[in-house]
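> What shape does this take:
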Amino acid sequence: MKVDPRIIRTRKLLMDAFVKTIQKKEFKDITIKDITGEATVNRATFYSHFQDKYDLLEASITEDILESIVKHLNHYDRLNEQTIVNIFFTLTEFHTKQRKEYFPQCKRSIESFYSIIEQKIKKELRELFYSLLLKQQPNMDSEDLKIGATVLSWGIYGASVDWEHNSSLSAEKYIKKALPFIVSEIKNFKE
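Reported below is the predicted structural model:
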């Protein structure tokens, strides 16, 4: 069934209004009236698309922020050094973009729901790594592959967060130093 383009436009309008509003106010202080005023729609329209501001937050993260990450991740067909480097760069670009574009004025706004973003990204990474490991190790136990995918997803994501918050190195230099540890784990996993 095809979705009416007006529904898609209105939903996008509300999500864009939310992103603009959160750049000005803390999430806890945002009201539905703030969002609908920015979007120039009424409350009924808001509630026909979202249950509340938390539902809108979840949709914004999933449909807007994560969509760009997932788009970059879905074209890998092998788990190798270059794939790891590219995924790391995708994550560091995301961290930089969210800091500069989505939440430039309200650092606490992003921190208040950072765990939602983190969980969703790690889930996407885990699914990606699992599918790549399954292609490369089709005879390996599924549970072992899931564990390996989880370790890789948390490791890569954790490295990108560490780079963002604790490192003075460029992303290129950081991953160059981290890569031997990750690659050795991948090689151990294959043996």
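> where along the chain do the helices fall?
For the chain, the helices defined by DSSP state H cover 5-22, 32-39, 43-49, 53-59, 66-73, 81-97, 107-112, 114-136, 142-166, 171-190.
> can you put those helices in JSON lines and add mean pLDDT and mean neighbour count?
From N, CA and C alone the C-beta is placed, and that goes for glycine too. Converted to JSON lines, the helices of the chain look like this (pLDDT from 0 to 100; neighbours: other Cβ atoms under 10 Å):
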{"stretch": "helix 5-22", "mean pLDDT": "90", "mean neighbour count": "16"}
{"stretch": "helix 32-39", "mean pLDDT": "97", "mean neighbour count": "16"}
{"stretch": "helix 43-49", "mean pLDDT": "96", "mean neighbour count": "14"}
{"stretch": "helix 53-59", "mean pLDDT": "86", "mean neighbour count": "17"}
{"stretch": "helix 66-73", "mean pLDDT": "70", "mean neighbour count": "16"}
{"stretch": "helix 81-97", "mean pLDDT": "86", "mean neighbour count": "17"}
{"stretch": "helix 107-112", "mean pLDDT": "57", "mean neighbour count": "14"}
{"stretch": "helix 114-136", "mean pLDDT": "86", "mean neighbour count": "17"}
{"stretch": "helix 142-166", "mean pLDDT": "93", "mean neighbour count": "17"}
{"stretch": "helix 171-190", "mean pLDDT": "81", "mean neighbour count": "14"}
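> Hmm, Y174 and S167 touching each other?
Yes - with contact defined as Cβ atoms under 8 Å, S167 reaches Y174; the gap is 5.5 Å.
> Who are the contact partners of the closest residue to D16 other than its chain neighbours?
Leaving aside its sequence neighbours, D16 sits nearest to A39 (Cβ to Cβ, 6 or more residues apart in numbering; 7.4 Å). With contact set as Cβ atoms under 8 Å, 6 or more residues apart in numbering, A39 has these partners: L13, L14, D16, A17, F46.
> Mind picking the two most distant members of the residues you listed?
Greatest spacing in those, by Cβ to Cβ: D16 and F46 (13.3 Å).
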